[in-house]
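Student: build me a structure from this.
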Amino acid sequence: MTTPLPAQLVDYLVKRDAERADAVAEFLGSLTDREHALIREAAVMGYVQGRRHPRDENHPKDSAVLRLVIDAALAIPDLYPAIAAVKEQTTTSTLEYFVQIQQPDGTWEQGSSASPDPAYIQQQFTARKASHPEWESRIAWRTSTVTTGQTPRIVPALAVARQINGTTTESAP
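Tutor: Alright, predicted model coming up:
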């Protein structure tokens, strides 16, 4: 005979389930359509490969699982279009430097043009410090990444369903 869980523990577990579901929905909502599609396709194929794995065999290491999942997704490009489209995409990253100036409210604002040449920005920084020694300034950097290529068919984000006390609620990710 099993003893029922105390009501306080059940309430806690239900609350934690809801918090985890909300955290997942928040994470998925923060992704771009492309990121969402890539993660979705890899997760689905990972689940499929896991279900196909013989229960009496050792599970492969993460890197082997990754290769199995991508290989399987590339073999069926019509079901995994975001992963298939990566082969046709080009991604470039650009590192740029610029001078920032601290504002009276404590925030930092860009105070120069951006350049991939750190020596040029150092010259701008030195000139700015010489002309306005009372200003707080610093050299900052940013990386811009651009991905170009055919737009894959993106599967719209699905509603995230969660079960609470036998009732299903849905929230959009």
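Student: which stretches of the protein have low pLDDT?
Tutor: 1, 151-173 (pLDDT under 70).
Student: so in it, which helix runs the longest?
Tutor: In the chain, assigned by DSSP state H, the helix with the most residues is helix 7-30.
Student: how about it: buried residues?
Tutor: By neighbour count with 16 or more other Cβ atoms under 10 Å, helix 7-30 contains the buried residues 21, 25, 28. Backbone N, C-alpha and C define where each C-beta goes, glycine included.
Student: can I get the CA coordinates of whichever helix or strand comes after it in CSV?
Tutor: The helix or strand immediately downstream of helix 7-30 is helix 33-52, counting by DSSP states H and E. The C-alpha coordinates for helix 33-52 follow below in CSV (Å, rounded to 0.1, in the frame of the first residue of the first chain):
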residue,chain,number,x,y,z
ASP,A,33,13.0,31.6,-35.6
ARG,A,34,16.2,30.1,-37.0
GLU,A,35,17.5,29.1,-33.5
HIS,A,36,14.2,27.7,-32.5
ALA,A,37,14.0,25.6,-35.7
LEU,A,38,17.5,24.2,-35.3
ILE,A,39,17.0,23.3,-31.7
ARG,A,40,13.6,21.8,-32.4
GLU,A,41,14.9,19.6,-35.2
ALA,A,42,18.0,18.5,-33.4
ALA,A,43,15.9,17.7,-30.2
VAL,A,44,13.3,15.7,-32.2
MET,A,45,16.0,13.7,-34.1
GLY,A,46,17.8,13.2,-30.8
TYR,A,47,14.7,11.8,-29.3
VAL,A,48,14.1,9.6,-32.3
GLN,A,49,17.7,8.3,-32.2
GLY,A,50,17.4,7.6,-28.5
ARG,A,51,14.2,5.6,-28.9
ARG,A,52,15.9,3.5,-31.6
